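Novice: pasted the sequence and its predicted model underneath.
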Amino acid sequence: MSAPAAKERPIGVFDSGVGGLSVLRAIRAQMPHEAVVYFGDQGHVPYGPRPLEQVVACNTASAAALHFLRHKFPALSFVGMEPAVKPAAETTRTGVVGVLATPATFQGALYASVVERFAANVTLLQSTCPGLVQQIEAGELDAPATRSILEQALRPMLERGIDTVVLGCTHYPFVIPLIQSIVGAEVRVIDPAPAVARQVARVLDGSGGGAAAGGSGTLRFFTSGDPAALARLLPRLLGDSGPVQRVAWEGYKIKPPQG
């Protein structure tokens, strides 16, 4: 399989697993002509419980590695993820906001900085939703066990008066219908993916690197896990598909695609 033409300069999306497909979905909606290369490190998912020193992707990655990556690769533009605490704090009516994210995201300096700058006068109720990422990786988006995890996280928040839920993990937008069914229509659920896609578009416009209307829009997928498993989830999570190849970490390098 040939690589995309150099002049095409595809967008790269890197996540611990399938979570980044929520961002890719938003990118495709806004920029359908852009070629994209997606890498899901499913061989090491979930990242959330790992120490920050081990993490290099998704919301958790932004909390751990974004500053380092920008310093290490100055020729590349990086668009990171951060929990949408700012818009939640600006629009909450009750002053109580729920945040669902991983332990590593909550531990990171990026999250602390966002809270300090934008949520000083807001009560933030946090939950790490243990097991939720694994349920989504398995495609169990509306299973009883998935609902149970979300009920345990959200019911105590509802009792304390939340009117907004912030999704601080790229995986979580895939269970928005389930979350909404638990919290009700009066509670706003903020998906950060569209805002990230808009930022990607701004970066491309600023660099002159965006694809023309006749761009290929090709999708290529890589995983450190099971390619067949990822391929099965693509139509459901992304509404699209493409070739999936397996890669493997070797120390701090990645082995070439296999198969």
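Specialist: Happy to help now that I have it. Numbering: from 1, shown residues only.

Novice: please count neighbours and contacts with C-alpha atoms only from this point.
Specialist: OK.

Novice: shaky segments in the protein?
Specialist: For the chain, the stretches with pLDDT under 70 are 1-8, 48-65, 207-215, 251-259.

Novice: please parse it into its domains.
Specialist: 6-81+194-254, 85-192 (automatic domain parsing).

Novice: contacting residues for the closest residue to T170 other than its chain neighbours?
Specialist: Sequence neighbours aside, G19 is the residue nearest to T170 in space, at 4.5 Å (criterion: CA to CA, 6 or more residues apart in numbering). By CA atoms under 8 Å, 6 or more residues apart in numbering, the contact list for G19 reads 58, 137, 169-172.

Novice: so which of the residues you listed is the most crowded?
Specialist: Sorting those by how many neighbours each has (other CA atoms under 10 Å) puts C58 first, at 30 neighbours.

Novice: which element is the residue positioned nearest the centre of the chain on?
Specialist: By CA atoms, centre = their mean, the chain has its centre lying nearest to T170, at 2.4 Å. Using DSSP states H and E, T170 is not contained in any helix or strand.

Novice: quickly note the distance from it to R160.
Specialist: 25 Å (CA to CA, to the nearest Å).

Novice: cool, and L238?
Specialist: With CA to CA as the criterion, L238 and R160 are 34 Å apart.

Novice: who's more crowded, the two?
Specialist: L238 (18 against 15).

Novice: contacting residues around that one?
Specialist: By CA under 8 Å, 6+ apart, the neighbours of L238 are 21-22, 24-25.

Novice: go again with 7 Å.
Specialist: 21, 25 (CA atoms under 7 Å, 6 or more residues apart in numbering).

Novice: against F106, how distant is it?
Specialist: 27 Å.

Novice: over to L76?
Specialist: Relative to F106, and taking CA to CA, L76 is found at 27 Å.

Novice: who has more neighbours out of these two?
Specialist: More neighbours surround F106 than the other of L76 and F106, with 21 against 10 (other CA under 10 Å).

Novice: what pairs with L167 across the strands?
Specialist: Beta-bridge pairing of L167, defined through DSSP bridges, involves L100.

Novice: verify the stated contact: it with L100.
Specialist: Yes: using CA atoms under 7 Å, L167 is in contact with L100, at 5.3 Å.

Novice: that older thread, touching, the residue nearest to the centre of the chain and S22? I think so.
Specialist: Yes: applying CA under 7 Å, one finds T170 in contact with S22, separated by 6.4 Å.

Novice: what is the neighbour count of P173?
Specialist: Around P173 there are 24 residues (other CA under 10 Å).

Novice: tell me how far the helix or strand hosting V37 is from the chain's mean position?
Specialist: Here V37, judged by DSSP H and E, is contained in strand 36-40. Mean C-alpha position of strand 36-40 versus that of the full chain (CA atoms, centre = their mean, to the nearest Å) differs by 12 Å.
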